[in-house]
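1. Sequence isn't available, so here's the structure alone:
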Ligand SMILES: Nc1ncnc2c1ncn2[C@@H]1O[C@H](COP(=O)(O)OP(=O)(O)OP(=O)(O)O)[C@@H](O)[C@H]1O
Ligand SMILES: Nc1ncnc2c1ncn2[C@@H]1O[C@H](COP(=O)(O)OP(=O)(O)OP(=O)(O)O)[C@@H](O)[C@H]1O
Ligand SMILES: [Mg+2]
Ligand SMILES: [Mg+2]
């Protein structure tokens, strides 16, 4: 029975991980940009939500809706100001630049908000759930997270695979110059993708803040999980990212069920196992020619 | 294409010597490399001249140079960008205990631990090489985390609390400091030499080829995987040595920090500052980083870190080839040449 | 010539190095630093008279960034470049242990606090047979925690089944506690429900919660990092685990940490090694605990926290020892003086001669329960001392209230 | 196999083939790209391969060079079964190839590109290898570009570089994939001269080419692939005049 | 008035002046063949006109409107399309997606998926394939189709017949006829002089980045063009030495 609960909780946690990884998957998997500041952008989003909610005295959920567009603009700024330039000199530059940004963000937040960890109070929502029998209980917040994750990732997946905009994004990611030559405004496409990525990051940050708590130093810890999720799921497939999130989440909770100290290590082991047996990721496809 | 016509009928090698010659060493580079060797030699006497505090600082610098040079060999030449080298740094540090606990002298233990980490790198590569590009980079991070958690769950290594290297706290501080310094100097020199030799060897150019296009490289006969593995192992050994030295000078390791991803950050930072894919770059980058850290690193705090981050961003955006890379490009300069230049006699029509 | 020794200091300036985490995860502990530095520098402005000689005092404070490697680095720098005569270091093993190690190795006297002494002592590989010569430490230890818990859980007036669910992480504190406190609590007749050590930063605690529910542990105890506790506590509530008493350590220390939990924070009990109610006075500023706290709240606008007390005491002991020497710059003499120190600080009586082991003195500990702040206060929560079983000198503020 | 095998070209001497592909099949999932290809190459022989786009020529070359492994069938080199050998090993043992889509090492100069090949693929020691690389560069008319970063080369220069790199590994068998496309007549003449020179050095050649007039000036024997099968094989003119070849491949060029 | 006008154009790659002092004009519906040996600057010229490469000097006009400052995608919208040297397909997209992605600019015109497939029958079975897996010639066909999908007024083809089987080249030039009849203007790089002179109304011969010959196709002889090449190969000897190391 506890095992069932472990799996249920794992799925819930997986939803959150998937949400975290969503923006990363878009940038890393689709646009081939390694954004090491992803985690800290999420934290930034959480802080904005917290501040707004406190200042205006509205529920965090409304605050989130207001913050998303703002973070979208942050994403555009990030793309225009840093990534576009860095990308020209290759993956590594974008890694370093975003890493620099990560440090700056962390410490600016620390300067402003101190190191205290705080959380978004959504009242009973974060503490109530569906009791199934004695040991299985499904948290409402978890359900909500999973629902949002599925909707978001599913939506983006369809957008990428089916729509013209999606094609344009993938084309630009593959070869921006040539994309221009077939009439795509690569800058706008990149800006959009970055906006989506960063906005979803802050969304994840907000959910994380509701579920547990957040502090300026939290970013990197979650970043690695997010990356693992993307790789487990398979580069460039957002469905994969969703699956990857679930896999990692369940791995951690089930691992903890065996022995609490295995929780995180179990996650890494699963990740490494995927590397060993399916390097292209669960839903990723292998390329032969290029 | 007239240059071709006169020789198309001759045998390949003979006329080539006639029409062109290959240059690697230039007068500049000869003096430079001479000067460097001299400097290293001179540094050996530092403990007799400088105070322990100075040598302590230099030791830190050497460690930085080592990790930077290793990361550069890995990323800049073999194209293996990794954010997981801290994994080997950590193994190097903790490996020391494995030997010390068996009665080996701490200093020898540092060397052995480095080699041990190299051995671990071999199986690791089997797994890691299944990934490429950003995936490899992050994969290595996860692997490093895995190493960390293994250590954390090994009580004999002090678990999460870390461990102190008590064997050294007995010796007189000044003496110990000097010994650590010499070890650091020696290891740095050896490792730098190793990289230099590697890059000038027949493998050097092949590595760059692999970085640019593995498939193409294989199709001209390059043993791609084994070449990559060689560098990977070297980088592991180097990183581990740095870890061991860190332990020897701070006398205490704690998993979260010795396995901390900030190491990777520093490596990337130093290499990019100095100039990726150049032999000189990482050394310069390390010195810059060291100076920055030393000047306002002490009163540390948020602003120093913010400055560091901002600098990292600025460099990548406005000086992507790094300090050395930029200079070298301007003047086509190579102090320690690892490339080739062809000189053709000028024939004006 | 032979290897060069550090240039000895002959001048009349006493350099005191002070290392604490002002940034990074543990930065909360560093919050009072600015206030303390200002206060102390003012106190020392006319220097100290020692052995008939006048010394000016210079405090050089450094940030460990909550990172052991950085801590070790700044320590080396303070020792080598700043030529400090005495090292003071505080808050969390990550910061204190490496600094202490560096001092022991460099033969620099070092005094530290705000780390359970076992984590400091055994964590650094000392044994009663092989103690330290230059590093000294005062803080609570397992014994104090144990006594306080037993007293609160039995005499606190809340009936329980004496089953204690524990969440002790796999980190220095957690380890010290698991080895020390676990057996002790058993001896005192409590059943320990220990699902096992967990990694800091774990995001899901269903396994532990399930175990606690299964065993119906009415008492809960943990030594977590703040974010981890928030995750756990919310999940526990959501999955229907409600102990009658929840005593937390390491996280319940600072008001901000409790505020972060919102209403879920009310009713948690935690050990306090200092509070304005402590009936003691600072030997440096002659302020009572209450005055010190008010002073802090006035000048920073922030709510008082216990670190103020222990860090103030840190300097009190330092000055006491310095004054006890004939030549404060003689490292061996200063170290010895620390070992002999015995005085009553703002944090209470400290005595290094009668500590549980050499190099260590313990200090008083009482239990308080976090409550929603009452009308007057401009802060969200406030701790109310609900058990003084072991130090009746410290006045009670109220009765322990059960969580359900 | 097609009827043409009977009248194998006169140049296909009784000498044992240096390279041969036996019953090669290649599938990508459901897609069949090569369907039972048998090809032999006599020492010093020059074999041309033509065929419509997508016939499977490059795939066949990949299989001969080891870049791809066949779904069925085997490859023999100098009497040894090399089917399981990876591309680099085959290269070192004497099978050089050029890529239809050039793959220069963009971070290096043209010379360093060739040097890698001559050091790794070739049999020379250091100095010799360096000189050898120079000689090859020159042969391919790239000496002037020696110090240019490969990234800065034009498409044709890149193709020359491909060939130079293949040569630098001093192969016994040279596999070429579309190297004459887009050459001016003068440049074509140079290329032919170079290849004649190689033949004189006794190197056996497999050359895929759509620029037929160039191809016909060199080869002894011609194979025409279509839809993964050998459509026609034998004496070049005979193949060129084969109605099926005209219909499937040549069109008005016939 | 001429559709495309290039005035005193100079394009650099770093220090190297790949195109210098180039001026010419192309009228609506005209077919101009650009010839010149390897390295002459043909591709660079085309890329500059397409907006993929910013010129250092000079002016590019479309219908008299100065488009020099406009970005490539903008010029596509205005009706300039380039089939780049070396195909440059989006490897991970399917053939169909590669074609459809070019319809973002929504220029009205005869070319759509059906029309392109009709023009290149071999694409028929390949629409769902990953473009990166196609054969060289197949990719070439897709690249041309992709450019057509933008319904350009000025179509630039850089070494189009490269890697195409003779019979494919036939079909290509047939469909070129279709394109022309649709009033599209074509600028093409073609090394096969026979073909070039066959379709082109005018021939531009480039040499070391300069236009050294600009004549109506029916007025130049093969010999004159080859002569122009010779000019290059002599000069080449010199440039070889000038190469900055
Ligand atoms: N990795 C792959 N996955 C799927 N199909 C492939 C793959 N590689 C090749 N093909 C298909 O196999 C067929 C043959 O490809 P190949 O490159 O051998 O043709 P080719 O004869 O070289 O044509 P061209 O003359 O145009 O170069 C093509 O239809 C191509 O689409
Ligand atoms: N990216 C680049 N960087 C530096 N130089 C370049 C670059 N691309 C081309 N060049 C140089 O510019 C000159 C013109 O190149 P371009 O490709 O335009 O010639 P081309 O006429 O197209 O040659 P080809 O017929 O081989 O395609 C050549 O000398 C070439 O080496
Ligand atoms: Mg082909
Ligand atoms: Mg061109």
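-> Okay, I see it. Nothing here was measured: the structure is a model prediction, and the numbers come from that model. Ligands and ions are numbered 1, 2, ... in the order given.

2. What's the local residue count around residue 149?
-> In the absence of a named chain, this looks at chain A. 27 (other C-beta atoms under 10 Å in any protein chain shown). Heads up, the C-betas are built off the backbone N, CA and C, glycines and all.

3. nope, chain E please
-> Neighbour tally, residue E:149, other C-beta under 10 Å: 26.

4. can you check residue E:181 too?
-> 10.

5. now swap in residue B:48 and tell me
-> With other C-beta under 10 Å as criterion, residue B:48 counts 12.

6. before we move on, which element is it in?
-> helix B:46-49 (DSSP states H and E).

7. same question, residue C:384
-> Counting by DSSP H and E, residue C:384 is part of strand C:381-387.

8. Each with direction, which strands does that strand pair with?
-> Sheet partners assigned to strand C:381-387 using DSSP bridges are listed as strand C:366-372 (antiparallel).

9. chain center to the strand it pairs with: distance?
-> 17 Å (C-alpha atoms, centre = their mean, to the nearest Å).

10. again with stretch B:95-106
-> Going by C-alpha atoms, centre = their mean, where stretch B:95-106 is centred and where its chain is centred differ by 25 Å.

11. which stretches of the stretch 151-254 of chain D form helices?
-> D:155-168, D:185-200, D:212-216, D:236-241, D:243-245 (DSSP state H, counting those that start in this stretch).

12. Let me know the secondary structure of residue C:246.
-> strand (DSSP: H, G, I helix; E, B strand; the rest coil).

13. Quick one: name the residues of chain D near chain E.
-> D:28, D:50-55, D:57-58, D:100-101, D:143-145, D:147-148, D:152, D:154-157, D:178, D:181-187, D:210, D:212, D:248-253 (C-beta under 8 Å from any C-beta of the partner chain).

14. Leaving out sequence neighbours, find the closest residue to residue E:148.
-> The shortest distance from residue E:148 to any non-neighbouring residue, by C-beta to C-beta, 6 or more residues apart in numbering or on different chains, is to residue E:111 (4.4 Å).

15. Am I right that the one you found is in a strand?
-> No - under three-state DSSP, residue E:111 sits outside any strand and is assigned coil.

16. Quick one: residues contacting the closest residue to chain D within chain E.
-> Distance from chain D to each residue of chain E (C-beta to the nearest C-beta) is smallest for residue E:137, at 2.6 Å. By C-beta atoms under 8 Å, 6 or more residues apart in numbering or on different chains, residue E:137 lies in contact with D:52-54, D:210, E:122, E:163-165, E:168.

17. Among those residues, name the ones in strands.
-> Among these, no member falls in strands (criterion: DSSP state E).

18. which of those lies closest to ligand 4?
-> For the contacts of residue E:137, the residue nearest ligand 4 by C-beta to the ion is residue E:163; the value is 13.5 Å.

19. Near the closest residue to the closest one other than its chain neighbours, how many residues? Count them for me, please.
-> The shortest distance from residue E:163 to any non-neighbouring residue, by C-beta to C-beta, 6+ apart, is to residue E:136 (4.3 Å). The number of residues packed near residue E:136 is 23, by other C-beta under 10 Å.

20. Contacts only, for residue E:136.
-> Residue E:136 makes contact with D:53, D:58, D:100-101, D:178, E:163, according to C-beta under 8 Å, 6+ apart.
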